[in-house]
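>>> okay, predicted coordinates and the sequence, questions at the end:
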Amino acid sequence: MSYERNIFINCPFDDDYNSLLRPMLFTIVFLGYFPKLSNERSDSGETRINKICDLIKKSKYSIHDLSRLKPDEDEFSRQNMPFELGLDIGCRKFANDHLKEKKCLILEKERYRFMKSLSDLSGSDIKDHSNNPSKLVIQVRNWFIETVELRDIPSGKQIWYNFTDFATDFYDKRKKENENFDDQELNMMPIPEYIYYIKEWCE
């Protein structure tokens, strides 16, 4: 049953992306689904590519954010995200079973910017978020309506307000209830632990 509600997340895992990743995770959990990320478990004996393929196979849905493809000065372009997108699409295209029903959302900073480096995606429905966390929440929420076919869910604006309430509560509780977290630890919190607190708050 978890396959039907698992959502594989393909995105950067740097500190700068946290401002987008955390509201994305909140939106997914708030709507009753399970985000699956390659850094959710750390087994040094497991290769990263095997872990990614396993998560893709176990997730009916996926979200791929290509907004960090263009490198900053003195950096190489980031190819992990398009590579993982290709694995996910390939899993769907070449399957002979339930995996043929997989569906995905592709996000970008600007709607047509991906055309400069991934022209094979021409004709695909790409959503843009402009690096704006509240806009990302709206795009993910609307995708749940259009593609996952959820109905009667709160507006993107309301989900964003809920996220900001959660974020305030998250920081206040971790600091004030003898948990002894500092800002650095809260910002670097492991993904499974952060998702646990989202679930706890939503319940």
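Perfect, thanks for sending it. What you see is a predicted model, and the numbers here were worked out from it, not measured in a lab.

>>> which parts of the longest helix along the chain are buried?
Ranked by residue count under DSSP state H, the longest helix found in the chain is helix 156-176. Using 16 or more other Cβ atoms under 10 Å as the test for burial, helix 156-176 gives G156, I159, W160, N162, F163, F166, F170, R174. For the C-beta atoms, the positions are set from N, CA and C on the backbone; glycine is no exception.

>>> which residues sit against that helix?
Residues from elsewhere that reach helix 156-176, judged by Cβ atoms under 8 Å, 6 or more residues apart in numbering: 22-23, 26-27, 30-31, 133-134, 137-139, 141-142, 154, 179, 181-182, 186, 197-198, 201-202.

>>> which residues touch N6?
Remark: with contacts taken as Cβ under 8 Å, 6+ apart, N6 is in contact with Y33, F34, K36, L55, K58, S59, K60, Y61.

>>> so which of the residues you listed belong to helices?
L55.

>>> and the contacts of N6, which of them are buried?
Buried among the contacts of N6 by 16+ other Cβ under 10 Å: Y33, F34, K36, L55, S59, K60, Y61.

>>> distance of P12 from C104?
17 Å (Cβ to Cβ, to the nearest Å).

>>> next one: phi and psi at the spatially closest residue to N18 that is not a sequence neighbour?
Leaving aside its chain neighbours, N18 sits nearest to N187 (6.6 Å; criterion: Cβ to Cβ, 6 or more residues apart in numbering). N187 adopts backbone torsions of phi -70, psi -20, taken as degrees, to the nearest 10.

>>> read off the pLDDT value for N187.
Turning to N187, the model gives it a pLDDT of 88.

>>> is it true that I106 lies in a strand?
Yes. With DSSP: H, G, I helix; E, B strand; the rest coil as the criterion, I106 is part of a strand.

>>> who does it bridge with?
Judged by DSSP bridges, the bridge partners of I106 are H64, I126.

>>> and the gap between it and N80?
Separation of I106 from N80 (Cβ to Cβ) stands at 15 Å.

>>> same question for T168.
32 Å.

>>> go on, V29?
The gap separating V29 from N80 is 24 Å, by Cβ to Cβ.

>>> also I9?
Distance of I9 to N80, given as Cβ to Cβ: 12 Å.

>>> more neighbours: those two, which one.
Between I9 and N80, I9 has the larger neighbour count (other Cβ atoms under 10 Å), namely 24 against 16.

>>> mind showing which ranges of this protein have poor pLDDT?
Where the chain drops to pLDDT under 70, the residues are 1, 45, 70-78, 111-124, 177-178.

>>> all set, thanks.
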